[in-house]
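Chemist: give me a 3D structure for the following:
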Amino acid sequence: MKRLLLILLVLSLKAGAQNSKATTTDTTVTFKVSGACDMCKNRIEETVKIKSVRSANWSVDTKMLTVIFNPSKLSLSKIHKKLAGVGHDTEIEKAKDEIYKQLPACCHYRELDEIAEDRTKNALSVSSPDSLEPNKPVQKTTDEPVLISYAIRGVVLEADKKGSFKPLVGASVVWLGTNKGTSTDTSGVFIISTEGISSRLVVSYTGYTSDTLLITDKNELKIILGSDKLLSEVRLTAKQRSTYLSALNPIRTQIMTEKELFKAACCNLSESFETNPSVDVSYNDAVTGSKQIQLLGLSGNYTQLTVENLPGPRGLATTLGLNSIAGPWVESIQLNKGVGSVANGFESIAGQINIELKKPEKAEQLYANVYINDMGKTDLNLILTQKIGKKWSTALLLHDNFLYNKTVDFNKDGFRDLPTGNQFSAMNRWKFDDGKGFLTQFGIKLLTDSRTGGEIAFNPGDDKLTTNHYGLGITTERYEGFAKIGYVFPGKKYKSVGLQVSAFNHQQDSYFGLTSYQAEQQNFYANLIYQSILGSTKHKFRTGLSFVADKYEEDFNTRNFKRTETVPGAFFEYTFTPVEKFNIVAGLRADDNNLFGWFVTPRVHVRYEPVKGTTIRLSAGRGQRTANILAENTSVLVSSRQLNISSASIDKAYGLDPESAWNKGISIDQKFKLGGRDGIFSLDYFRNDFENQVVVDLEDPGQVKFYNLSGRSFSNSFQAEMNYELFRKFDLRLAYRFFDVRSTYGNALLQKPFTAKHRAFANLAYEIQDWKIDFTYSYNGTKRIPSTAGNPVPYQRLNFSPSFGLMNAQVSKSFGKKHPFEIYAGGENLTNYFQKDVIISPEEPFNSFFDASLVWGPVSGRLFYMGWRFKLK
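Modeler: The predicted structure follows:
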């Protein structure tokens with residue numbers, strides 16, 4: 001019995017010693033594992049929970065994985081390989097592309113990292129208003145000795161061999177021995193709370209040597225990480241998500257990436273919004289082929305259109321401008337409703353659309369695109385980029401489209417549904433970055449466009465400006481130059497100064513039946529911006545000076561309109577961010593228009609996140625613009641209407657006052673998870689009230705009247721939208737929108753013509769291996785048609801259009817990985833719905849009742865197309 005007890009005692013001591021040894025030999029390591037969501041968290045932790053691993057915890061916020069394991073039985077490299085084997089990059093192992101692509105869409109972290117990298121580069125070109133947003137503070141823990149609670153702020157930079165500094169976006173900042181931390185924002189800035197956690201801060205970034213700091217006071221930190229040659233560089237090559245919201249920006253900005261644009265053919269900018277429920281695109285008339293956008297129920301004139309934050313198609317180019325920007329040139333589109341930032345000017349009333357073009361430093365070396373449809377329209381695009389040394393890069397962008405089939409006539413009225421002709425555009429851009437904070441971009445663009453429309457039998461050589469056959473011709477030449485110069489102060493990445501400059505000359509020679517219209521516009525624009533902080537990154541500001549000059553000369557038949565308009569101005573914008581959940585941007589600018597005098601533009605934007613996943617934004621502000629009544633309403637020139645301008649003075653633009661309005665809005669974005677898949681539900685409401693508006697009155701069928709508003713003019717816009725991944729790689733987008741847009745015409749408050757009160761929208765996108773399938777349906781409610789009661793009965797139209805639906809679809813297939821080659825085919829207006837009585841009196845186009853401007857629906861029917869894309873990286 002004693003011997004048995006002795007044996008049991010020995011065995012017990014031995015087991016205890018082994019347990020003690022196992023406990024004392026367990027090691028805790030923390031390293032970065034890329035991921036994006038809670039599904040990633042579950043996958044990462046379950047993958048690591050293998051034999052010899054006691055615990056594993058991965059943070060969605062910091063991307064840091066803390067593992068407690070026995071290194072004598074399990075190597076750290078094996079843990080890295082297991083994580084890469086399920087699709088997650090680590091510091092020393094990269095997941096294979098084919099494994100990564102099998103992850104659910106919400107887990108595609110590479111594209112999120114790529115977005116952060118893009119925003120950093122944009123910040124250096126002084127075009128990002130939210131470049132210094134702080135990150136989420138951590139919660140209290142008791143792993144370390146208790147410290148007095150306060151916030152630590154700092155910036156994490158990288159230093160190259162020449163001593164140049166650049167911000168590190170997404171660098172991990174974690175309290176030693178915990179998984180509590182944050183990551184740097186788009187300017188390398190972070191905010192982290194002590195709250196009794198630890199006294200040592202670990203800063204790390206993939207490919208760089210980690211640094212551990214002893215925190216003893218509240219001073220702001222500047223941390224410089226050197227390159228670590230022991231760590232292999234992770235190269236991010238995945239695409240971004242198709243459409244996403246800028247999370248920290250108080251201005252609700254929706255970014256449409258190239259992936260979104262590829263859902264349709266997108267030959268030009270006017271076709272880039274087919275899968276976006278916020279923007280309407282419709283034909284201006286039945287003859288010219290020009291299109292216009294509508295945002296918040298207002299015409300595109302009230303939406304500020306910019307190209308890389310420089311003036312885009314405006315003035316004379318307003319009507320045909322959407323057709324002048326080639327779709328394949330576009331890298332992304334940034335859309336915000338309501339007033340924008342005062343740093344971008346004063347003209348935004350309904351919203352702002354900013355176009356980002358392909359960049360020479362990161363675009364493909366070769367991109368080629370060919371498109372052709374069954375009507376005979378052909379588009380050719382070629383983009384070439386080249387890096388010259390370490391500091392220079394350049395790009396050449398070419399576009400050509402043509403249509404010579406003049407027999408396209410779906411409603412058999414004898415008129416071409418689309419004009420024939422050719423458009424060619426080219427752009428050459430350069431970029432210089434010395435790596436020490438100085439950066440410059442400059443380039444030139446040119447556009448030539450020649451269009452002929454009207455009756456099928458019209459021959460310009462014999463019939464131009466005669467009554468033989470009705471015809472129109474529009475010849476456009478446009479030349480542009482631009483430059484951006486920026487400097488980021490070394491060691492102070494939050495502090496920068498930039499200058500934006502552009503100029504263009506736009507000439508248009510056109511005729512519409514017996515009406516001739518020639519016009520020229522010369523424009524110069526300059527914007528100087530300085531941004532920094534006030535004491536800390538909680539208080540940021542931007543201030544600067546701007547100057548806009550336009551010289552117009554227009555000849556309309558025998559009438560001549562000339563004006564030179566100059567507007568110098570100054571602005572100041574303050575951003576307050578006490579915590580990540582709340583920030584406010586308040587801006588004020590003052591401008592002096594030589595024709596209309598001084599005016600002030602106040603704007604404010606507020607963002608609040610009461611709970612995680614719920615974001616509320618408020619905005620309010622004023623906008624002002626000068627109407628270009630002829631260039632913006634060329635559709636009425638395709639009619640027999642007489643021009644009637646009611647003005648009190650000849651000193652102003654056409655004798656009319658500038659347009660001004662106040663816009664107020666609220667939006668709520670709610671993230672949710674259903675069936676383990678992420679979604680977002682959004683609501684927004686905007687109200688616009690005009691102080692003055694140049695009214696375009698078509699209520700008399702014999703004339704078009706232009707006059708200053710005398711009464712009320714307003715718009716109410718409500719939209720509900722849901723984006724959800726129904727199942728793996730199958731995305732659903734649903735939306736409903738309601739408009740109440742009214743203006744005073746004469747003495748009557750009437751609904752704005754050609755604007756549907758109700759619109760519904762659905763988009764389905766499915767990816768399976770190398771196939772992509774997209775389907776879009778849009779429902780358009782009834783629209784009011786201007787009165788034609790003054791016409792004889794055969795030339796009258798109904799007061800309201802019928803409602804109708806449109807369907808578009810596209811299928812694309814990719815081939816190869818190293819040199820992707822993609823073919824695509826699709827159809828537009830699949831139900832073959834078109835407006836049959838689109839022209840009044842087409843058989844007698846020179847009588848007093850002819851009118852091709854009353855367009856409420858598609859002017860042509862079903863269309864099929866195909867094309868291919870080739871990219872050489």
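Chemist: distance between the ends of stretch 35-54?
Modeler: One end of stretch 35-54 sits 22 Å from the other (C-alpha to C-alpha, to the nearest Å).
Chemist: buried set for that stretch?
Modeler: By neighbour count on 16 or more other C-beta atoms under 10 Å, the buried set for stretch 35-54 is G35, A36, C37, M39, C40, K41, R43, I44, E45, T47, V48, V53. The C-beta positions use only the backbone N, C-alpha and C, and glycine is treated the same way.
Chemist: out of those residues, which comes closest to S393?
Modeler: Of all the buried residues of stretch 35-54, A36 has the smallest distance to S393: 30.2 Å, by C-beta to C-beta.
Chemist: ok, and the closest non-adjacent residue to that closest one?
Modeler: Y109 (4.1 Å; C-beta to C-beta, 6 or more residues apart in numbering).
Chemist: just name the shakiest helix or strand of the chain by mean pLDDT.
Modeler: Lowest on mean pLDDT, DSSP states H and E among the helices and strands of the chain sits helix 2-25, with a mean of 41.
Chemist: quick check: what element follows that one along the chain?
Modeler: Using DSSP states H and E, the helix or strand that follows helix 2-25 in sequence is strand 27-32.
Chemist: contacts for that following strand, please.
Modeler: 63-71, 76, 90-91, 172, 174, 177, 179, 202, 204, 206 (C-beta atoms under 8 Å, 6 or more residues apart in numbering).
Chemist: how about stretch 863-872: buried residues?
Modeler: L863, Y865, M866, G867, W868, R869, F870, K871.
Chemist: over to stretch 603-619?
Modeler: For stretch 603-619, by 16+ other C-beta under 10 Å, it's R603, V604, H605, V606, R607, E609, T615, I616, R617, L618, S619.
Chemist: could you measure from the residue nearest to A36 over to K63?
Modeler: From Y109 across to K63, the span is 8 Å (C-beta to C-beta, to the nearest Å).
Chemist: need the overlap of contacts for these two.
Modeler: S34, G35.
Chemist: who has more neighbours, these two?
Modeler: K63 (25 against 22; other C-beta atoms under 10 Å).
Chemist: test my guess that that one contacts G35.
Modeler: Yes: in this structure, K63 is within contact of G35 by C-beta atoms under 8 Å, at 6.3 Å.
Chemist: for E274, give its distance to Q441.
Modeler: With C-beta to C-beta as the criterion, E274 and Q441 are 30 Å apart.
Chemist: so L588 sits against V600, correct?
Modeler: Yes: using C-beta under 8 Å, L588 is in contact with V600, at 7.0 Å.
Chemist: higher neighbour count, those two?
Modeler: More crowded of L588 and V600, by other C-beta under 10 Å: L588, with 16 against 12.
Chemist: what's opposite the more buried one in the beta bridge?
Modeler: F572, P602 (DSSP bridges).
Chemist: show me what contacts it?
Modeler: Counting by C-beta under 8 Å, 6+ apart, L588 touches V342, F571, F572, E573, V600, T601, P602, R603.
Chemist: ChimeraX command to pick out the buried ones of these?
Modeler: Buried subset of the contacts of L588, written as a ChimeraX selection, criterion 16+ other C-beta under 10 Å:
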select :342,571,573,601,603
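Chemist: so which of the contacts of L588 is the closest to Q642?
Modeler: T601 (36.3 Å).
Chemist: rewinding a little: how close does the residue nearest to A36 sit to K49?
Modeler: Counting by C-beta to C-beta - Y109 and K49 are separated by 21 Å.
Chemist: go on, F31?
Modeler: 16 Å.
Chemist: do Y552 as well
Modeler: Taking C-beta to C-beta, one finds Y552 at 71 Å from K49.
Chemist: so G35, which state does it fall into?
Modeler: Three-state call for G35 (DSSP: H, G, I helix; E, B strand; the rest coil): coil.
Chemist: please identify the helix or strand for the residue minimising distance to the centre of the chain.
Modeler: The structure's the chain has its C-alpha centroid closest to Q334; by C-alpha atoms, centre = their mean the separation is 1.7 Å. Using DSSP H and E, Q334 sits within strand 330-337.
Chemist: gap between that strand and the chain center?
Modeler: 2 Å (C-alpha atoms, centre = their mean, to the nearest Å).
Chemist: and the next helix or strand past it?
Modeler: strand 351-357.
Chemist: what is the subsequent helix or strand relative to that next one?
Modeler: Using DSSP H and E, the first helix or strand after strand 351-357 is strand 366-373.
Chemist: same for that next one, what does it pack against?
Modeler: With contacts defined as 3 or more C-beta pairs under 8 Å, 6 or more residues apart in numbering; DSSP states H and E, strand 366-373 has these neighbours: strand 378-388, strand 863-872.
Chemist: tell me which of these sits nearest to N560.
Modeler: strand 378-388 (37.2 Å).
Chemist: output the contacting helices and strands for whichever helix or strand comes after that closest one.
Modeler: Proceeding N to C from strand 378-388, the next assigned helix or strand is strand 392-403, under DSSP H and E. The contact analysis (3+ C-beta pairs under 8 Å, 6+ apart) places strand 392-403 against strand 378-388, strand 420-433.
Chemist: strand 392-403 pairs with which strands, and in what direction?
Modeler: Sheet pairing for strand 392-403, using DSSP bridges, gives strand 378-388 (antiparallel), strand 420-433 (antiparallel).
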